[in-house]
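Engineer: Here is the input, now give the coordinates:
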Amino acid sequence: MGSSKLEREDSDPFKKAMGSDRMVVYSPAVLRSALFNAVVEANVEDVRLCVDRGASVCWRDEGEDSCGLTALQAAICAEGKTRDKAEVVRYLISQGAGVDDVDYVESSALHFCAALGNAELIDLIIKSGACPNARDAEELTPLHLAVNQGHERCVRALLNNWAKVDVSDTDASGSQGGSGGATRVVSVPGASLYIARRGTPLHVSAAADRPSVARILLDEGGATASSSAGPHGCTPLHIACRAGHLEVCELLLSRGADPRARDDSGEEPLHRCAENGDLGIARLLLKGGAEADCANDAGLTPLHVAAALGRREFIEMLVSECGADPNRRCSRVYRDWDGGRTPIHYCAHSGDLNCFLSLVALGADPRAVSSVGWPPLFYACESNAHEIVKWIVQRDAADGVHFVADKGRTALMVAAMHNATESAVAIMEEQPFAARWRDETGRTALHWAAKRGQQEVMEAILKRGGDKGVRDANGATCGELFPNLVRPPPKRQWEEERRGPQGEATWNYRSVMEQTSLRYLKRTMSARRTREIAQERQCNWCKKYSFDALRCAACKTVYYCDGECQRKDWRAGGHRLVCVTQGLEDLVSSEIKAKRSGKGRPRGFLT
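Structural biologist: I've put the predicted structure just below:
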């Protein structure tokens, strides 16, 4: 026997929520709120009641700080047992909720299931018509998210439902729609909610250190171990080597990954391993067929990379165990004409003294010159690696060597250009004559320091014998060159753009945006101030702007081009109705008297 109308009204959840027995008006806002509460609690009975009262299952959270969550996505994120959530999801779908509807970052309900690890709901939603290869705003599929979180059951569920295992976010031809139906998209700008792992799901497993998931993708999904669909054309092995995930590297090599694979810049996995400095992975690659002297498109070997990053143990392993050439030159010529470096040049610039001494002990030439004629000493001065500078100049002083580069430039001049005070002091302690050395243009180190505006190193040179009265070939002293600062010193640092374990560029986004915002703000404020100044001196009658406009002496609030505009505005423009400053009547009466007497307007009427 059914319950009475009175009993049903007493058990009404809306009245309970209101705490009153008064009649409730079920407005759309009340229905949305009640449906949301019922969905997040996974209470299917309350959800049915809300729908019966008129709530729409196509509801979307559109609050101020919301991300456009649909009712179906809210049900997946609900607290409670999976069985209860499945009932709510099944009911919402039966009432017409779109399985491929997305939120503001274009994530579908299937993306939420994969990220949260709910394999049962994945089967339910896909069988209801959801696309297993739908992409979000970051071009990631549900399989990417399941792999990133390490949800093995979700990975298997997606693979069993025909999810593509080799789909990549770099593939522009990937499918983005549902299975035949139109997908409702709410386009609102904003950052993605997900950390963007790049490449195929196998690349994601390599970056996230998920060896068990990678094994499922390879053995059950048929993923390609040497797929080059990653960032910059890299393979999963490149990423695993850069991130230092030994177990993933072992798995990939055992499944046929190529240890000699090259990315878009010609780098092999051993180059990425040199960035990380993991000896275990390096030996694994070398045992699998990698070459210690492999070079990328710029001629850089893993030894160059290791030297630039100060990987001393890695350097010793490459040279001692694998026979890498410590004096091999890179082939690329850079925009600042600086190519032909050996590993010791990069090591000198890095500033690691122990690594530098290790390279010298392994046979590297500490006086080798690059294609611009610079020895390691000059690169050490450039980065102010004063410990390496001190070791080199002491060795040169013992051998009676003073190196002079092209155009008569010395190491002290390089240190002066880059304000390397410690390096400059170390040079002058061993070679006091360097402070007075002049190049082909007649300039000393003091001239170059003044030219670049390097005050600290100028003081150090002056204390150690520098002469500020010396004139160059053009007759200029260092004091006359100091105001001519026009640009910062050129940067000859590590030119190769290094990338992170997922291929992302390592650059300071915050600094770039701050500088851009500052320039825009200055430009905007300057234009705004110019407009304000012009507006303050706008003629109240003809509306022309003039910096020579005269102000009304009575009210002192409006400006006029001349007396003619003021008289017109007074007679026809209505200014006399608002000009109520003290003394106005005297001025008006004075003007009338002046007209009657034929003397014109009184003085001081315009100021």
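Engineer: Hmm, residue 112 is touching residue 77, no?
Structural biologist: Yes: here residue 112 reaches residue 77: they are 6.3 Å apart, a contact under CB atoms under 8 Å. In this view, the C-beta of every residue, glycine as well, is placed from N, C-alpha and C.
Engineer: of those two, who's got more company?
Structural biologist: Applying other CB atoms under 10 Å to residue 112 and residue 77 shows that residue 112 carries more neighbours, namely 23 against 16.
Engineer: Just say helix, strand or coil for residue 323.
Structural biologist: With DSSP: H, G, I helix; E, B strand; the rest coil as the basis, residue 323 sits in coil.
Engineer: same thing with the one 3 residues further on?
Structural biologist: When the structure is reduced to helix, strand and coil (three-state DSSP), residue 326 reads as coil.
Engineer: and it, how many neighbours?
Structural biologist: Per other CB under 10 Å, the neighbour tally for residue 326 reads 22.
Engineer: now do residue 124
Structural biologist: Residues lying near residue 124 (other CB under 10 Å) number 19.
Engineer: Pretty sure it sits against residue 89.
Structural biologist: Yes: taking contacts as CB under 8 Å, residue 124 lies within contact range of residue 89: 6.2 Å.
Engineer: if I look at residue 141, how far off is residue 169?
Structural biologist: From residue 141 over to residue 169 the distance is 8 Å, taken as CB to CB, to the nearest Å.
Engineer: With residue 391 instead?
Structural biologist: 48 Å.
Engineer: Need the per-residue pLDDT for the closest residue to residue 311 other than its chain neighbours.
Structural biologist: Sequence neighbours aside, residue 277 is the residue nearest to residue 311 in space, at 4.3 Å (criterion: CB to CB, 6 or more residues apart in numbering). Looking at residue 277, its pLDDT is 91.
Engineer: ok, residue 277 touching residue 312?
Structural biologist: No: judged on CB under 8 Å, residue 277 makes no contact with residue 312 at a distance of 9.1 Å.
Engineer: higher neighbour count, residue 391 and residue 169?
Structural biologist: The neighbour comparison of residue 391 against residue 169 (other CB under 10 Å) goes to residue 169, with 23 against 19.
Engineer: Any idea how many residues pack against the residue nearest to that one when sequence neighbours are not counted?
Structural biologist: Excluding its sequence neighbours, the residue lying closest to residue 169 (CB to CB, 6+ apart) is residue 139, at 3.7 Å. Residue 139 sits with 18 neighbouring residues when counted by other CB under 10 Å.
Engineer: now residue 426
Structural biologist: Neighbours of residue 426 under the rule other CB under 10 Å: 25.
Engineer: Spit out the contact partners of it.
Structural biologist: Contacts for residue 426 (CB atoms under 8 Å, 6 or more residues apart in numbering) come out as 386, 389, 390, 393.
Engineer: Helix, strand or coil: sort out the closest residue to it other than its chain neighbours for me.
Structural biologist: Using CB to CB, 6+ apart and skipping residues adjacent in sequence, the residue nearest residue 426 is residue 390, 4.2 Å away. Assigned with three-state DSSP, residue 390 falls in the helix class.
Engineer: Strands of the protein, start to end?
Structural biologist: Residue ranges of the strands in the chain, as given by DSSP state E, are 550-551, 559-560.
Engineer: per the record, what domains does this protein have?
Structural biologist: Following automatic domain parsing, the chain resolves into domains at 27-164, 195-361, 375-491, 508-537, 538-607.
Engineer: Low-confidence ranges, the stretch 1-150 of the chain, go.
Structural biologist: 1-26, 63-64 (pLDDT under 70).
Engineer: low pLDDT regions in the stretch 251-400 of the chain?
Structural biologist: 332-338.
Engineer: As a check, name the ranges of all helices in it.
Structural biologist: 269-276, 279-288, 302-308, 312-316, 343-350, 353-361, 376-382, 386-399 (DSSP state H, counting those that start in this stretch).
Engineer: what's the answer for the stretch 1-150 of the chain, then?
Structural biologist: Here the stretch 1-150 of the chain has its helices, by DSSP H, counting those that start in this stretch, at 5-10, 13-18, 28-40, 44-53, 71-76, 82-94, 109-116, 119-127, 142-149.
Engineer: Switch the ones you listed over to CSV; also include distance to residue 200.
Structural biologist: Converted to CSV, those look like this (distance: least, CB to CB, whole Å):
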stretch, distance to residue 200
helix 5-10, 55
helix 13-18, 47
helix 28-40, 34
helix 44-53, 38
helix 71-76, 25
helix 82-94, 29
helix 109-116, 15
helix 119-127, 19
helix 142-149, 8
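Engineer: looking at the ones you listed, which is closest to residue 410?
Structural biologist: helix 142-149 (54.1 Å; CB to CB).
Engineer: Name the residues that touch the closest one?
Structural biologist: For helix 142-149, the external contacting residues (CB under 8 Å, 6+ apart) are 108, 110-111, 113-115, 117, 122, 132-134, 154-155, 158-159, 163-165, 167, 169, 194-195, 197, 201, 204-205, 208, 210, 213, 217.
Engineer: give me that answer again for 6 Å
Structural biologist: Helix 142-149 has contacts (CB atoms under 6 Å, 6 or more residues apart in numbering) with 110-111, 114-115, 154-155, 158, 163, 197, 201, 204-205, 208, 213.
Engineer: Repeat that for stretch 311-326.
Structural biologist: Residues contacting stretch 311-326 (CB under 6 Å, 6+ apart): 274, 277, 279, 292-293, 303, 306, 343, 354-355, 358-359, 362-364.
Engineer: Now do that stretch: distance from first to last residue.
Structural biologist: For stretch 311-326, the first-to-last residue distance is 14 Å (CA to CA, to the nearest Å).
Engineer: ok now it, how far from the chain's centre?
Structural biologist: Computed by CA atoms, centre = their mean, to the nearest Å, the chain-centroid distance of stretch 311-326 equals 34 Å.
Engineer: What residues sit buried inside that stretch?
Structural biologist: Buried positions in stretch 311-326, judged by neighbour count with 16 or more other CB atoms under 10 Å: 311, 312, 314, 315, 316, 317, 318, 319, 322, 324, 325, 326.
Engineer: Tell me who's in contact with residue 206.
Structural biologist: 236, 239, 240, 248.
Engineer: Closest to residue 433 out of those residues?
Structural biologist: Nearest to residue 433 out of the contacts of residue 206 is residue 239 (CB to CB; 53.0 Å).
Engineer: My guess is that closest one contacts residue 207. True?
Structural biologist: Yes: if you go by CB atoms under 6 Å, residue 239 and residue 207 touch, sitting 5.0 Å apart.
Engineer: Compare these two and say which is more crowded by neighbours.
Structural biologist: Just comparing residue 239 and residue 207: by other CB under 10 Å the higher neighbour count belongs to residue 239, 32 against 27.
Engineer: any idea how far that one is from residue 105?
Structural biologist: Separation of residue 239 from residue 105 (CB to CB): 24 Å.
Engineer: ok, now residue 73?
Structural biologist: Here residue 73 is placed at a distance of 11 Å from residue 105 (CB to CB).
Engineer: Over to residue 452?
Structural biologist: Counting by CB to CB, the gap from residue 452 to residue 105 is 48 Å.
Engineer: before we move on, the earlier item: any chance of a ChimeraX selection covering the buried ones in the contacts of residue 206?
Structural biologist: Buried members of these, defined by 16+ other CB under 10 Å, are picked up in ChimeraX with:
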select :236,239,240,248
